[in-house]
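In: Turn this into a model:
(4 chains, ligands or ions: 4)
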Amino acid sequence: MSEPGRGEAPLGSPPEQAPPVLALAGVSKAFGAVRALREVSLQLFAGEAHALAGENGAGKSTLVKTLAGVHRPDTGQVLLDGEPVEFHNPADAQQAGVAVIYQEPTMFPDLSVAENIFIGRQPRAALRRIDRATMHARATELFTRLGVALDPEQPARGLSIADQQLVEIAKALSRDARVLVMDEPTAALSGNEVARLFNVVKALREQGCAVLFISHRLDEIFELCQRVTTLRDGGWIASEPVAGLTHDDLIRRMVGRDLDTLYPKQETTVGEVALRVGRLTREGVFTDVSFEVRRGEIVALAGLVGAGRSEVARAIFGVDRWDAGTVEVNGRRLPAASPTAAMAAGLALVPEDRRQQGLVMDQSIERNIGLTGLKTLRRGPVISRAAERDRARDWAIRLQLKFNRLSDAVNVLSGGNQQKVVLGKWLSTRPEVLIIDEPTRGIDVGTKAEVHRLLSQLAADGLAVLMISSDLPEVLGMADRVLVMQEGRLVAEIPRDRATEESVMTAATGRAS
Amino acid sequence: MAPDVTAAKPAEGVSVPAGTGRGSLGRFLRWDVLVGMLLVLVFAGGSAGSPGFASIDNLSFALGDLGEIALIALAMTMLVVAAEVDLSVASVLGLSSALVGSLWDAGWAIESIIPLVIVVGAGCGLVNGLLVTRLGLPSLAVTIGTLALYRGLAYVVLGDRAIAEFPQQYVDLAVNDVPGTPVPYPVMLFILLAAVTGVVLHATGFGRSLFAIGAQEEAAQFAGIRVKRIKLTLFVLSGAIAAFAGVVYTLRYGSARADNGVGLELAVIAAVLLGGVDFDGGRGTLGGVIAGVLLIGLLRNLLMLNDVSTEIQSIVTGLLLIISVITPRLVAAVGRRRIPAPASSPPPPES
Amino acid sequence: GGTTKDSAQQGADPKASAAAPASADPNAPIKEGLKIAFLPKQINNPYETIVDKAGIEAAKEYKGEAKEVGPSDASASSQVSYINTLIQQRQDAILIAANDANAVCGPLKQAMSKGIKIVAYDSDAAKDCRNLFINQADSEEIGRSQVKMLADMIDSKGEIAILSATANATNQNAWIDFMKDELTKPEYKDMKLVKVAYGDDDDQKSFQETQGLLQAYPDLKGIISPTTVGISAAARYISGSKYKGKITLTGLGTPNQMREFVKDGTVQQFALWNPKDLGYLASYSAAALASGQITGAEGEKFTAGKLGEYTIGKDGEVILGAPFVFKADNIDEFDF
Amino acid sequence: MSAVTAGRSSRGVVDLVFRARELSIVAALAVLVAVTAGVNGNFLSGQGMKDIFLNASILVLLAVGQSVVVITRNIDLSAGSVVGLVAFTTGDFLAADHGRGVVFAVVLGVAIGALCGLVNGLLVSFGRVPALVVTLGTLYVIQGLDHLIAHGRQINAVDLPPALLALGNGTVLGVPYLPVIAVVVMLAVGYYLRSYASGRDFYAIGSSPEAAGLAGIPVRRRVMGAYLFSGALAGLAGVLWLSRFGTVVADAANGWELQVVSAVVVGGVAITGGVGTVYGAALGALLLTTITSALVVLKVNPFWQQAITGALLLLAISVDRLLALRVARVLRRRNARHGS
Ligand SMILES: Nc1ncnc2c1ncn2[C@@H]1O[C@H](COP(=O)(O)OP(=O)(O)OP(=O)(O)O)[C@@H](O)[C@H]1O
Ligand SMILES: Nc1ncnc2c1ncn2[C@@H]1O[C@H](COP(=O)(O)OP(=O)(O)OP(=O)(O)O)[C@@H](O)[C@H]1O
Ligand SMILES: [Mg+2]
Ligand SMILES: [Mg+2]
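Out: Ligands and ions are numbered 1, 2, ... in the order given. Take a look at the predicted model:
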């Protein structure tokens, strides 16, 4: 691999003689038999935003962790200002001016939001005491820059994933770092917040900060970054300026082939009502939510982050209690707060937080997929391991899961592949109504297309799908009908032919109507 | 009904060669297996070096002496796998013993005392379970409280009295061996229960649920597992078994007192932990626990036979516990070093 | 298992033939090399240590091999494990201070069936599970004398309380029963036992119980604490509180523990037998049993070295003697 | 910015709840003391108060040490056995050499305790093994060592330097030394944990050990520190035990591990780490000891005492929990009204 990372100089790139602020040279990293990185090189320059693209499991997060001092490379070097350095732990990297937003939020739920941001480097007053007033003021200032209304003194426990992500971003910004590394910071955010974030990052870049940015939303790469490095299966494919690349070019580099369409929506015939929700209310969370989903239909539930969509899903499935209202599946009313009854009635919920809710991270792929089928996998009183394995293998193949062994713990899978395991776990219950919360969060384009095709086909086969998504193109591309929630209420229902970015956003922000 | 999505790269995941060296090495050097091997070693060493150790009399006694701990350890294993713990077991045992004594003293028949006492034990477990599942209190805290409460109730029931002279046929059942074996009846019962528990824990859906709850409770709940009900069941079971162990204890020693079995909970927990069950839940095997119970019991027996003082026994028990948690880490570290990739850092928190 | 099996084993054991000889031979010499084991309530209990050490010393006099084994917690179940071990080790005699008279019974019977002689000391086992009980002092005598001693000091007037060990302590409960009985006598009509408290032989607990007693019963005149841990904790509390001089404390304690409090006037007198003599006598009685000098029947006599001749009383009990009363003027003569 | 104001008002409630954890213990204490004193005036007499504080001091010290460990999501079951070991070995040293003073005793005791803590800390933080197992192991080991050293001997008050005994029973300005020491330690530790960056690290570690590592917090060093500190405090408690009781056998504070953990839990320190204060833990210790004393003063049948103590303990943690749940619900409703 000769001289990667130096294509023709893009607009605004630094003079040739200035060495990259941070660079990887020929770095390899393996986990057991999995070679997560193979001789990868990458150079980050001051004042430049650099994108890292690749499918799920391509090695992006591993690369990030290598830069962050979490992993040490097996071979190859990390270079800081052209000099080789060794980061023994995250503290070393932070010392060197590298701020990292990890793919999954790393919160301290019991500490206040402000402390989460400043832990370990709180502003000091006399006698090295913590200066809380300054700390809170600085946190507020950061939130203002990001345009979010978070109270610095509130405990982090109970923050939505989006809010957690915003705190992570504030944490990274607060470091005034020379290098800002962001691993899918926007996966949980909706349009507004992404726009704010980009403004802040652009400002930082202009002040001379080097940025490494990872996202599966290609538009974002084109909007924010000057250069892009593509990984495939842990190997380096290309480093080149973004200008002059097309979406299809990038996808081809990532996937190694062309992709026909991201939203393969199939025509279906809509059948009778499968899920009917009537005036569902959970005090303080959502109020009077009524809608129905028919067989063969994909209904999207759109809205801003925190609108209460996930809460509705949780209540329908019975994980949370509801205070008033009814839920019917195929005409039969569900008792409140019983996931077991919901499952028996043919309901499935793919939750939004796969690490906490979707998966038992320490357990194997086959066990996770088998967890929803403990009754069906029985041979007599005992579970048949063969049946369990067959079921897992079956779905692993269908979903193109990338794994080493079915008996590996899911926590060694990449984020996207974890999501596939959750999908397999629920699809294997052969549900009649599928509620799927952020189906493609953190999933690469190739898989995204697959998931979409899968959803389409499931609907065509008569499944009723309720899809919660913050990805507007996905909503528009896949939904037969769009329901919009705002602050705990259902405010609009828009049929497919009238659903546009405009109409959905207008309803979601409550500006019109 | 599932669509055909098998077209692209179908065999990709599956084709990766399975079984690298680490897997088999790791599997072999698991702690519960090591405990088993250690047990064999102690047994072999004892038989060779200490006359009297391997005698039928001694083994029968040593096994019988472990009866209550072993019984309680069955329920405790399931609880700890589900990331809960019950520290009140020894107090339930004491309460049960006190009840047996006072009811017997009051002229009840043993046949009706035993079921009643087991129901009371289940009730004690229910209280633990309700406090844990309904109020969401940590079981460590709850059962420290009920540890005091149930022991206190034992004193309320029996005060400073000691009741003896239980009917001989029941004492025999608690003490004698199953004819033709060195296995006392309670131990035989334990063997049967252990077989059932082993199957339940490792081969049934209920067992799978326990591991899932212990490893990630919220995910288990989202998978439709009735987390609270299962936990409640476990606590009730633990209480009932502890109460039954109390009956066995009372009959075996022929003495009902309010302070019977004080401190037994730590012995049970030590055995469970020594058997390689992860106190954080989600990991462990029943085989390991049984080996752990036997190892502690037989090793103590062997040390006693060799006139090793009780202080040293205590130290050996403590060291064993420490070694039981250190060894797997060392093995893992060594194992990692042998693999081409020297992973230097801790397991990462995410993807 | 196997604790009350009296079948099967009898014939198999060579020593069984020697078990329970029909009659005693008072002139039999003490055998050399007798294997004798002391099994105290709890190892590490200083009082028990003094007793057992003296017993082990005594064994040297008659060329026996004596040892002390035992649990670190005062529980019957641990003692049972040790009895089993001692049976496997084929000791000639086991001396036990039983934590629970009944719980140790089964295994002791099994030991006896194998020809092992059982001597209970300090705290008795059930009668049919031992050959002899060496009683430090007559239980009745202890109970009654404690009341008398306190009555003398408070002019037989006022409220009194007892601070015991654990609620299940066999000895203490026996003594307390006699104390209560003694108090029913007319000469104590002005003395009223208001409470039996339990300090669990734990310093802190005994301390707190003493405080509680003094607060709850402001008119309390005297406390009897028939346990060494209890009396020293109570004395220490009283000596550092405003109650010093107002309350009379007595009971059973060792001179070393109590010396400070006798000297500073907190305690006027307390009692105890000589624990060394107890161990010594127990040791000799075990040897006499194992050598066939005695069988444990009432009326038999044996010589316990320097302590002289003892006669076995009713129910196989041998009584060491009357408890000794320690006061300011004699306490310095003792060191234990 | 309506969300921010909503946040602020809800924070007021949250704050109150957090303080309520301590307030509710204070209230429980007040009720207990009032009832007891109502029945028996002596309970609140000078001597009565002195007794309560003296009784609680040693448990308070242990609870303070324990809560630092528990806040980091670990546990130290060996604390009680350390007290026993230190009380005996220190006493043994002093008895052998009358010339030594109080300072020597304290230094020696704290050093022995710290050594035990060091072993725990090394095993837990560098061995990366579950704290409960390790400290249960060291509990057995330390207890064994203690008994091995004591070997049935006992330390008597006459063998100890009078100055040391005075420490256990003497007073400054009418206040006994022990509670003064306990309160000073508690305040210092509480202030440190709240107001110093390294103090906050303990909370961060307990709240999420993984996140703490990624945030560059020296996790091992802090956990190590927590154990070292807990061990040292247990050592100090051991010396104070010696000075208070004078007569010491090997099993001083035997079985206290669960009592200390109870005190910490009652005091609102979450067993799962990250939450709680040493003030709460100290109050928990005070409450527990006061219950024991009060039950005696109230002439409760001794056979009921333990049952009542257990029931009160359960009541304390349940009420606390119910309160928290209730406030959470109120917060949720409030959120709804203000929007987000
Ligand atoms: N700690 C680990 N142990 C074993 N394998 C690991 C570990 N971490 C990552 N891997 C493997 O390394 C490969 C790269 O994973 P990585 O998380 O870097 O992918 P990614 O590009 O970030 O994917 P995604 O877009 O889904 O986040 C995957 O095959 C993953 O299973
Ligand atoms: N675990 C939780 N505990 C407390 N509050 C929560 C929790 N999760 C979410 N919330 C709050 O509930 C409200 C609704 O959140 P919800 O996750 O349902 O929104 P959403 O529309 O699904 O958005 P998202 O895109 O983030 O999933 C938000 O104000 C959020 O802060
Ligand atoms: Mg990733
Ligand atoms: Mg959501």
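In: mind listing what C:Gly313 touches?
Out: Listed by C-beta atoms under 8 Å, 6 or more residues apart in numbering or on different chains, the contact partners of C:Gly313 are C:Glu298, C:Ile319. C-betas here are computed from N, CA, C, even on glycine.
In: And the residue of chain A that's closest to chain C?
Out: Ranked by C-beta to the nearest C-beta, the top residue of chain A for proximity to chain C is A:Pro381, at 31.8 Å.
In: since we're on that residue, how many residues are nearby?
Out: Neighbourhood size, A:Pro381 [other C-beta atoms under 10 Å in any protein chain shown]: 11.
In: and the gap between it and B:Ile191?
Out: Using C-beta to C-beta, to the nearest Å, A:Pro381 is found at 19 Å from B:Ile191.
In: With B:Leu321 instead?
Out: Using C-beta to C-beta, B:Leu321 is found at 25 Å from B:Ile191.
In: Grab the nearest non-local neighbour of the residue of chain A closest to chain C.
Out: In space, A:Pro381 comes closest to B:Thr204 once its chain neighbours are excluded; the distance is 5.8 Å by C-beta to C-beta, 6 or more residues apart in numbering or on different chains.
In: before we move on, what about C:Leu281?
Out: Counting by C-beta to C-beta, 6+ apart, the residue nearest C:Leu281 is C:Ala304, at 4.9 Å.
In: A strand includes A:Gln77, no?
Out: Yes: counting by DSSP: H, G, I helix; E, B strand; the rest coil, A:Gln77 falls inside a strand.
In: Would you agree it is in contact with A:Pro84?
Out: Yes: counting by C-beta atoms under 8 Å, A:Pro84 is a contact partner of A:Gln77 at 4.7 Å.
In: after the helix or strand bottoming out on mean pLDDT in chain C, next one along is what?
Out: For chain C, using mean pLDDT, DSSP states H and E, the weakest element among its helices and strands is helix C:9-12, scoring a mean of 38. Beyond helix C:9-12 on the C-terminal side, the first helix or strand identified by DSSP states H and E is strand C:35-39.
In: Now do the next helix or strand after that next one: distance to the chain's middle.
Out: Past strand C:35-39, further along toward the C-terminus, the next helix or strand under DSSP H and E is helix C:46-61. Here the centre of helix C:46-61 is set off from its chain's centre by 14 Å, with C-alpha atoms, centre = their mean, to the nearest Å.
In: who's in contact with helix C:46-61?
Out: By C-beta under 8 Å, 6+ apart, the list of residues contacting helix C:46-61 from outside reads C:34, C:36, C:38, C:40-43, C:65-68, C:70, C:95, C:97, C:121-122, C:228, C:254, C:275-280, C:282-284, C:287, C:305, C:336, D:151-154, D:249.
In: tally of neighbours for D:Arg326?
Out: For D:Arg326, the number of neighbouring residues by other C-beta under 10 Å comes to 11.
In: Next, the buried residues of the helix or strand hosting it.
Out: Using DSSP H and E, D:Arg326 sits within helix D:302-338. For helix D:302-338, burial by neighbour count (16 or more other C-beta atoms under 10 Å in any protein chain shown) applies to D:302-303, D:305-314, D:316-318, D:320-321, D:324, D:327, D:331, D:335-336.
In: go on, stretch A:245-258?
Out: Using 16+ other C-beta under 10 Å as the burial criterion, the residues of stretch A:245-258 that qualify are A:Leu245, A:Leu250, A:Ile251, A:Arg253, A:Met254, A:Val255.
In: And A:Gln77 and A:Pro84? Which one has more around it.
Out: The neighbour comparison of A:Gln77 against A:Pro84 (other C-beta under 10 Å) goes to A:Gln77, with 16 against 11.
In: what sits against the more buried one?
Out: For A:Gln77, the contact set (C-beta under 8 Å, 6+ apart) comprises A:Leu24, A:Ala25, A:Gly26, A:Val27, A:Pro84.
In: For those residues, which PyMOL command selects only the ones that are buried?
Out: Buried subset of these, written as a PyMOL selection, criterion 16+ other C-beta under 10 Å:
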select buried, chain A and resi 24+25+26+27
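In: Take the contacts of A:Gln77 and write them to CSV, including secondary structure and pLDDT.
Out: Output for the contacts of A:Gln77, formatted as CSV (DSSP: H, G, I helix; E, B strand; the rest coil; pLDDT from 0 to 100):
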residue, secondary structure, pLDDT
A:Leu24, strand, 94
A:Ala25, strand, 94
A:Gly26, strand, 93
A:Val27, strand, 95
A:Pro84, strand, 94
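In: Surely C:Lys192 is in a helix?
Out: No: inclusion of C:Lys192 in a helix is not indicated when three-state DSSP is applied; the result is strand.
In: And it, how close does it get to A:Ala459?
Out: Applying C-beta to C-beta, one obtains 88 Å for the distance of C:Lys192 from A:Ala459.
In: Looking at these two, which is more packed in?
Out: Neighbours around C:Lys192 and A:Ala459, counted as other C-beta under 10 Å, are more numerous at A:Ala459. The numbers are 26 against 16.
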